[in-house]
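# Quick check, what structure comes out for this input:
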Amino acid sequence: MFDNERDFKKAVDGLNIDTEPNPAHRQRLRRQMLATYEAAGRSAGTRPPAQVPATARPLFPMVAKLVIAAAILVVTVLGIQQVLKFERGPLTFDQVRQATQKMAWLHAVITVYRDGQVQTEQQWDHFATRKAYTLSADGSVHHADYGAGQREFLYNPRVRAMAISELPSQGPLGATSAYTLVDTFAVFAARDDIAVNEWTDQYEGQAVRVYEIDKSDPGIRIDGQAIASLKIRLMADPRTRRLVAAHIEKHGRREVMLAREEWVMNYPQSGPASIYDLNVPRPVRVIDSTIGPIGTPGPVSTPAPAPQEPASSRLVPLQIDLPKALFIGTPQDNRVPNLARPRRGARPPFLAPLGTSNVALGKPVTASDPEPVVGTPDMVTDGDKEAADGSFVELGPGLQHVTIDLQAQHEIYAVLVWHYHQQPRVYLDVVIQVSNDRDFRRGVQTVFNNDIDNSAGLQTGSDLHYTETNEGKLIDTQGAQARYIRLYTNGNTSDGLNHYIEVAVYGRPAQ
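Numbering: from 1, shown residues only. Predicted structure coming up:
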């Protein structure tokens with residue numbers, strides 16, 4: 001060791017470090033550090049000269065101080081790390097609930113398994129106004145206003161009629177009920193007879209915090225049949241603290257599965273302004289029990305009241321014409337880390353403001369490869385989405401990109417890209433950026449990035465790898481304003497080359 005070992009041990013023992021996670025502890029720790037450092041300096045400076053060679057006397061006090069200070073710093077850092085670790089702790093459900101409800105909208109795609117059938121629903125929750133919209137697989141729409149309106153709307157596409165009624169005072173859909181999944185979970189979790197189980201797990205290749213409750217006889221019925229037990233499992237991203245997925249099971253007697261639901265959540269900046277944004281026709285036959293007696297409506301259709309909103313803010317489903325599905329050849333091994341599971345059924349409709357169109361059609365395109373192996377860059381925006389030979393541009397190996405010039409600044413709501421869908425391959429390091437700078441040096445916004453190891457040098461991304469299909473990959477860009485779109489790839493699971501069949505950019509000129 002060194003001659004000053006006894007004083008060093010005394011100084012460290014004098015720290016008396018604890019791990020109380022509060023500001024008073026940290027302030028006390030700071031004072032202890034300063035006092036111990038001063039004491040160490042006095043001790044080093046008063047040591048008898050006889051114990052140290054004369055040639056070393058001028059250096060000893062400085063060396064002693066530095067050694068002791070370094071040791072104190074190490075011990076202090078370890079103590080602070082323990083404090084911070086204790087302060088952070090595991091992510092709590094209350095933190096998840098608060099982070100989720102700070103967002104403007106929650107949008108969920110719900111896959112429902114019931115009676116041997118699989119259906120897909122969508123739900124939008126607007127937290128500020130306490131409004132909920134549900135679009136079912138059969139085209140029926142349910143809208144409940146738990147805020148100022150206190151009404152619910154139910155559109156039935158089979159009879160092309162809409163019923164309007166006041167929210168019931170009690171029950172699962174009552175005026176005071178929990179209208180979102182996160183609130184429903186909170187209501188059950190608050191009960192004394194229910195335990196909330198928590199653990200860390202993996203979902204779609206990323207770490208999530210899981211919260212689960214299992215409730216017997218929850219007082220819920222499906223098609224008149226009582227549910228004997230209800231299990232709800234929520235999964236949250238520890239980084240954003242928001243919900244990303246949910247799993248719900250509804251069992252009857254003898255643990256017979258009545259229904260199972262898988263939820264996938266995202267958080268768009270906008271959602272339906274009224275029930276008419278979800279394919280409810282205008283005009284529609286209305287049965288309004290809030291303004292008169294309930295009965296059979298007359299032959300004259302009455303337009304249903306709806307919130308007045310500017311036409312420019314109305315949301316409508318994007319009309320996307322898909323190419324033919326065409327998989328040829330022997331399937332390749334597409335197993336890569338962080339790979340999204342295939343979706344069951346068709347892609348749900350994507351809502352965008354009225355007037356949104358493919359603003360990239362026919363616009364100029366440049367590529368990082370000046371001499372593509374096959375095709376030319378202008379094929380990226382020529383409108384041809386088919387998988388046939390002669391419909392794509394093939395760039396050389398390694399990291400390559402194409403850049404689309406929209407020729408003016410636009411509000412961009414979605415980017416839809418088809419790389420190559422003759423085979424179910426996976427493209428690597430898919431990064432999509434938008435900017436008003438054609439050189440992408442300033443004001444760059446990344447809207448998609450699945451480069452999990454930063455091999456492209458554009459920062460590490462958290463989006464999932466995906467398998468190419470004739471649907472293409474649709475990226476929600478949430479109204480980003482830009483003139484240029486740049487798309488990167490770094491080879492694929494079949495070869496090292498880079499391909500683009502078509503890129504559609506859905507937007508409208510910036511206001």
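# Model confidence for the closest residue to residue 450 other than its chain neighbours, exactly?
Closest residue to residue 450 apart from its sequence neighbours, by C-beta to C-beta, 6 or more residues apart in numbering: residue 463 at 4.3 Å. C-beta here means a position set from N, CA and C on the backbone, and glycine is covered the same way. If you check residue 463, the pLDDT there is 90.
# Please identify the helix or strand for residue 463.
In the assignment (DSSP states H and E), residue 463 maps to no helix and no strand.
# So what does it look like in phi/psi?
Per-residue torsions, residue 463: phi -70, psi 160 (degrees, to the nearest 10).
# ok, it - how many residues close by?
Using other C-beta atoms under 10 Å, residue 463 has 19 neighbouring residues.
# Hmm, residue 326 is touching residue 470, no?
Yes - here residue 326 reaches residue 470: they are 7.0 Å apart, a contact under C-beta atoms under 8 Å.
# between these two, who's got more neighbours?
residue 470 (17 against 12).
# pretty sure the more buried one is touching residue 419, no?
No - when contacts are counted by C-beta under 8 Å, residue 470 is not listed as touching residue 419 (11.6 Å).
# longest single strand anywhere in the chain?
For the chain, the longest strand by residue count, based on DSSP state E, is strand 400-418.
# which stretches of the stretch 301-450 of the chain form strands?
All strands of the stretch 301-450 of the chain, identified by DSSP state E, counting those that start in this stretch, fall at 315-317, 351-353, 357-358, 365-367, 393-395, 400-418, 431-435, 445-449.
# Show residues contacting the last one.
Counting contacts by C-beta atoms under 8 Å, 6 or more residues apart in numbering, the residues outside strand 445-449 that touch it are 415, 430-435, 458-463, 475, 477-478, 480, 482.
# Over to the shortest one?
Defining contact as C-beta under 8 Å, 6+ apart, one finds that strand 357-358 is touched by 504-508.
# repeat for stretch 316-323
Contacts to stretch 316-323, defined as C-beta under 8 Å, 6+ apart, come from residues 277, 279, 349-354, 356, 385-387, 414, 416, 418, 421, 470-472, 501, 504, 506.
# before we move on, what about stretch 117-129?
So stretch 117-129 is contacted by 101-112, 131-138, 145, 147-148, 179-180, 271-272, 344-346, 348-349 (C-beta under 8 Å, 6+ apart).
# Those in helices, which ones?
residue 101 (DSSP state H).
# Please report how far the spatially most central residue of the chain lies from residue 100.
Centroid-nearest residue in the chain, with C-alpha atoms, centre = their mean: residue 266, separated by 4.9 Å. Distance, residue 266 to residue 100, by C-beta to C-beta, to the nearest Å: 12 Å.
# Please apply the same query to residue 423.
As judged by C-beta to C-beta, residue 423 and residue 100 stand 38 Å apart.
# Mind checking which of the two has more residues around it?
Taking other C-beta under 10 Å, residue 423 and residue 100 do not tie; residue 100 has more neighbours (24 against 19).
# what's the pLDDT at the more buried one?
Note on residue 100: pLDDT of 94.
# Residue 89 too?
At residue 89, pLDDT is 73.
# Residue 80 too?
For residue 80, pLDDT reads 48.
# Could you chop this structure up by domain?
According to automatic domain parsing, the chain comprises the domains 5-88, 94-292, 321-509.
# on that earlier part again, where do the contact lists of residue 326 and residue 470 overlap?
Common neighbours of residue 326 and residue 470 are listed as 387, 421 (criterion: C-beta under 8 Å, 6+ apart).
# Pull the number of nearby residues for residue 281.
Residue 281: 11 surrounding residues under other C-beta under 10 Å.
# Need the pLDDT of residue 195.
Looking at residue 195, its pLDDT is 89.
# actually residue 95, not the one I wrote
Residue 95 is assigned a pLDDT of 94 by the prediction.
# Please look at it and residue 240 and confirm they touch.
No - assessed by C-beta under 8 Å, residue 95 is found out of contact with residue 240, at 10.8 Å.
# if I look at residue 405, how far off is residue 483?
7 Å.
# okay, and the common contacts of the two?
Common neighbours of residue 405 and residue 483 (criterion: C-beta under 8 Å, 6+ apart): residue 438.
# Listing request: residues of the stretch 401-511 of the chain with sub-threshold pLDDT.
By pLDDT under 70, the stretch 401-511 of the chain contains no weakly predicted segment.
# the helices in it, which residues?
Assigned by DSSP state H, counting those that start in this stretch, the helices in the stretch 401-511 of the chain number zero.
# out of the strands of the stretch 301-450 of the chain, which comes closest to residue 244?
Closest of the strands of the stretch 301-450 of the chain to residue 244 is strand 445-449, at 16.4 Å (criterion: C-beta to C-beta).
# Output the closest one in PDB with nothing but the alpha carbons.
Taking Å, rounded to 0.1, in the frame of the first residue of the first chain, the C-alpha atoms of strand 445-449 are listed here in PDB:
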ATOM      1  CA  GLN A 445     -36.200  14.600 -38.300                       C
ATOM      2  CA  THR A 446     -36.000  10.900 -38.200                       C
ATOM      3  CA  VAL A 447     -39.500   9.300 -38.500                       C
ATOM      4  CA  PHE A 448     -38.400   5.600 -38.600                       C
ATOM      5  CA  ASN A 449     -35.200   3.800 -37.600                       C
END
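# Out of the domains of the chain, which gets the lowest mean score?
Among those, domain 5-88 carries the lowest mean pLDDT (a mean of 49).
# Mind listing what's buried along the helix or strand hosting residue 96?
Assigned by DSSP H and E, residue 96 belongs to helix 93-101. Neighbour-count burial for helix 93-101 flags 93, 96-97, 99-100 (criterion: 16 or more other C-beta atoms under 10 Å).
# hey, what's residue 467 bridged with?
residue 426 (DSSP bridges).
# ok now do it, which residues does it touch?
By C-beta under 8 Å, 6+ apart, residue 467 lies in contact with 334, 339-340, 342, 424-426.
# ok, residue 345 to residue 496 distance?
Distance check for residue 345 against residue 496: by C-beta to C-beta, it reads 33 Å.
# Over to residue 109?
In terms of C-beta to C-beta, residue 109 sits 34 Å off from residue 496.
# Please say which of the two ends up with more neighbours.
Shown here are residue 109 and residue 496; by other C-beta under 10 Å, residue 109 has more neighbours (17 against 11).
# OK, contacts around that one?
Residue 109 neighbours (C-beta under 8 Å, 6+ apart): 120-122, 263-264, 348.
# ok, 6 Å please
122, 264, 348 (C-beta atoms under 6 Å, 6 or more residues apart in numbering).
# from those, which is closest to residue 453?
So of the contacts of residue 109, ranked by how close each gets to residue 453 (C-beta to C-beta), first place is residue 264, at 24.9 Å.
# Direction included, what does the host helix or strand of that closest one pair against?
Assigning secondary structure by DSSP H and E places residue 264 in strand 257-266. Sheet pairing of strand 257-266 (DSSP bridges) gives strand 105-114 (antiparallel), strand 243-251 (antiparallel).
# isn't residue 271 right up against residue 105?
Yes - counting by C-beta atoms under 6 Å, residue 271 does reach residue 105; the two are 4.4 Å apart.
# Tell me the helix or strand right after the strand holding residue 264.
strand 285-288.
# That next one pairs with which strands?
strand 161-166 (parallel).
# Keeping just the C-alphas, turn the helix or strand just after the strand it pairs with into CSV.
Per DSSP H and E, the first helix or strand lying C-terminal to strand 161-166 is helix 181-189. Provided in CSV are the C-alpha atoms of helix 181-189 (Å, rounded to 0.1, in the frame of the first residue of the first chain):
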residue,chain,number,x,y,z
LEU,A,181,-58.3,0.3,-20.7
VAL,A,182,-55.8,1.9,-18.4
ASP,A,183,-58.5,3.3,-16.2
THR,A,184,-60.3,0.0,-16.2
PHE,A,185,-57.2,-1.7,-15.0
ALA,A,186,-56.7,1.0,-12.3
VAL,A,187,-60.3,0.4,-11.0
PHE,A,188,-59.7,-3.3,-10.6
ALA,A,189,-56.1,-2.8,-9.2
